[in-house]
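Enquirer: Show me how the following folds:
(2 chains)
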Amino acid sequence: MRRRALALAGVLGFLALVHGLPHVPGDVPDSPAAAYPELARRAVDAAAGDDHPYPLHVDEHYHMARMAQIDRQAKVEIDDPYTGEPAGSGLFTTVSGFRTERGFDLAVAQVAQLTGADLAALFRFVPALWSAYLGLTLWLVLRPAPGALAAAAFTAMLPTTVRFLGVGFLVPSAFALPWILATLHVALHGRGGGRFFGLVLLITGAHFMHLVIGVLCIVTGLLAMMLRGGALRDRLAVAAGVLLPLLWIVPAAREDIVAAVSSEHTLPFAQDVFLVPGMLVYTLVVAGALAAVMRGDAATRPHRVLLALAVLLAASMAVSIALGHRNDATYSRVVHAFFLALAALAGLGLAVAVRTAARLAPERSRRPVAAAAVAAVAAVALAFPVQALLAEPYYHVFDEPSWRRVQAFAASPAGPDDTFLAHPWQAPVLTAVSGARPYAVLYPGAPPLNGEDYTHYLATEGADADWLADREIAYVVAPVEPGAEHAVLAAGVYKIAAVTPEITPFPLETSETP
Amino acid sequence: MNAELGIATAGGWIRLLVGTVVLLLPGLALADRVFPDRRLPLLLAPVFSLTLLPLAAILLDALVGVPVTAATTALLALALAVMIGAPRLRALTEAA
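Expert: The predicted structure follows:
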């Protein structure tokens, strides 16, 4: 028992380390064999505080601004943090998909409120902790079937890339993945009225987190209902719990769903993400799928549900690619759920294969030999995706000097009534810490708004007073001093002196004295 | 660097610990209702809590304008835990 708990703790620590890699830059290993030594080096760096602790992805910055606005205004229906425009009213306007995952923003804001943790600290540490929790949830859902712990370890292969996002970032599509597993577990093992209400709550909550994951929760719940067996009354109760939330989700989110499925973007398909697990993992996945279907027992029921989910997701992605439909809902945002299902199957495949082979060993030593073999094969198989994760490049919007400017701006008197000019990519976080409105800002998936004005400011070495006054810019956060009269609040943080309109002198009549 | 991110003081750690416990209470209560005779599914408490708290806050904000602050979130978490865990609490009280 103690040995199992230690093994579980070791796997969770490994997952936290692997999925914390975006915050711990280092050398790129040139082979899978060099992956673990480099991982160990980065673990030492992380423990020593030699890391990149700032929010990374532009989607994180966008959500950080919204979370801070929830905390600042103390309400759910916040004004737009960039423009100050009031949000739409109505109970279910918050059920919307890709750009306003309000449930996610609210959940993280509530975590920050309860724990007192700084939002930036949550963006640094929650991805690693939540990735470990995802592995723990998968282990819970799959046990007591063989290979549950190995399956948890295989979630290390979930990619985190700038293109696809992933569990290494604090973003809704990755954060909501445990909702799929929780729905599966409740649908298969929940009891009585608690099961019904649990499903209703999970599916409604998942839609508030992320539209695509919400839909996948419904699909998972229905697959579980079909594959769970048992009394018809129980299956109908599961179906009712899964489908009832559609009564309030569909009317509110119908347009979002249609837009999400039909919209297209310019990002490439990037099929190389499917090469990340490597051939050994895919072989184990096939073995696990065969074992799940052939065994057909109650213990491997979650595997069959996840196998069916993986097949559906693979079909969705294949159709997207075949039709050239560059879409998030049918392609980009289902990649991680697909890999999660593969991890479950790979764990089962590995355990079944090793148990079969271990029959060759003397009966007394079968269990320890099998456990050691599972650990060894999993380590070899995971060396390939770990190498890929170590080699994954991430952009850094902030460094120490720019973060010092963020802190100085947070301490400045700038507030929601002020407009500031800063690098459009850094503006969302500056809005988060101050409440001030950015003049130039980056919305995820679009070119920077007024980005050319920031370029002009730099090119003209601070523009001039009229240029800044025309844009009502009260603060500048940039490495270049403004060309207007200003106060220096900190290095790179400037308050423009209040502009008073120029008064044309009235020609006074003079009386001539004789 | 962690100090700059706001989590390295003793008071900060205590609040982090207490806040995490309060955060998990409604999820633990719901997990206990969904899986009344099993202990391991209590591990789903974080998912349940992060489902209950936002949904409750959305409803209360929309219906009666309850603000989303640290105090109201803590009260909400405790109230949900007591409401959902009432049968278990009653059984424990009677057993004692």
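
Enquirer: Just give me the longest helix of chain A.
Expert: Counting residues, the longest helix found in chain A (DSSP state H) is helix A:366-391.

Enquirer: on contacts alone, who are the packing partners of that helix?
Expert: helix A:35-47, helix A:148-154, helix A:279-295, helix A:335-358 (3 or more Cβ pairs under 8 Å, 6 or more residues apart in numbering or on different chains; DSSP states H and E). Just so you know, the C-beta spots here come from the backbone N, C-alpha and C atoms, and that holds for glycine as well.

Enquirer: check whether the longest one contacts chain B.
Expert: No: applying Cβ under 8 Å from any Cβ of the partner chain, one finds helix A:335-358 out of contact with chain B, separated by at least 14.2 Å.

Enquirer: where's the longest helix of chain A relative to the chain centroid, distance-wise?
Expert: From the chain centre to the centre of helix A:366-391 is a distance of 26 Å (Cα atoms, centre = their mean, to the nearest Å).

Enquirer: list the buried ones in it?
Expert: For helix A:366-391, the neighbour count (16 or more other Cβ atoms under 10 Å in any protein chain shown) marks A:369-371, A:373-375, A:377-378, A:381-390 as buried.

Enquirer: got it, and stretch A:141-160?
Expert: A:141-143, A:145-160.

Enquirer: I'd say A:L15 and A:A153 touch.
Expert: Yes: counting by Cβ atoms under 8 Å, A:L15 sits close enough to A:A153 to count as a contact (7.4 Å).

Enquirer: so what does the top helix by length along chain B touch, helix or strand wise?
Expert: Longest helix of chain B, by residue count under DSSP H: helix B:10-34. Taking 3+ Cβ pairs under 8 Å, 6+ apart as contact, the helices and strands that helix B:10-34 lies on are helix A:102-115, helix A:192-209, helix B:45-64, helix B:70-84, helix B:86-95.

Enquirer: Just checking the distance from that helix to the centre of its chain.
Expert: Centre to centre, stretch against its chain (Cα atoms, centre = their mean), the figure for helix B:10-34 is 5 Å.

Enquirer: Report the angle between that helix and helix A:102-115.
Expert: Counting by axes from the mean of the first three to the mean of the last three Cα atoms, to 10 degrees, helix B:10-34 lies at 130 degrees to helix A:102-115.

Enquirer: can you pull the buried residues of helix B:10-34?
Expert: So, applying 16+ other Cβ under 10 Å, buried residues of helix B:10-34: B:12, B:15-16, B:19, B:22-34.

Enquirer: rewinding a little: so what sits against both of A:L15 and A:A153?
Expert: A:G135 (Cβ atoms under 8 Å, 6 or more residues apart in numbering or on different chains).

Enquirer: and the gap between the residue lying closest to A:H207 once chain neighbours are set aside and A:T204?
Expert: Distances taken as Cβ to Cβ, 6 or more residues apart in numbering or on different chains put A:G214 closest to A:H207, at 3.3 Å, once the chain neighbours are dropped. Using Cβ to Cβ, to the nearest Å, one gets 8 Å for the distance from A:G214 to A:T204.

Enquirer: quick one: common contacting residues for the two?
Expert: By Cβ under 8 Å, 6+ apart, the residues touching both A:G214 and A:T204 are A:I249.

Enquirer: quick one, which of these two is more surrounded?
Expert: More crowded of A:G214 and A:T204, by other Cβ atoms under 10 Å in any protein chain shown: A:G214, with 28 against 22.

Enquirer: Next, that one: secondary structure please.
Expert: helix (DSSP: H, G, I helix; E, B strand; the rest coil).

Enquirer: That one is in contact with A:A206, isn't it?
Expert: Yes: here A:G214 lies in contact with A:A206, judged by Cβ under 8 Å, at a distance of 4.1 Å.

Enquirer: Return every residue with contacts to both of these two.
Expert: A:A176, A:W179.

Enquirer: My guess is B:D61 contacts B:V68. True?
Expert: Yes: using Cβ under 8 Å, B:D61 makes contact with B:V68 at a distance of 6.5 Å.

Enquirer: anything in the least confident helix or strand in chain A by mean pLDDT near chain B?
Expert: Lowest on mean pLDDT, DSSP states H and E among the helices and strands of chain A sits helix A:246-262, with a mean of 81. No: using Cβ under 8 Å from any Cβ, helix A:246-262 never reaches chain B; the gap is at least 11.3 Å.
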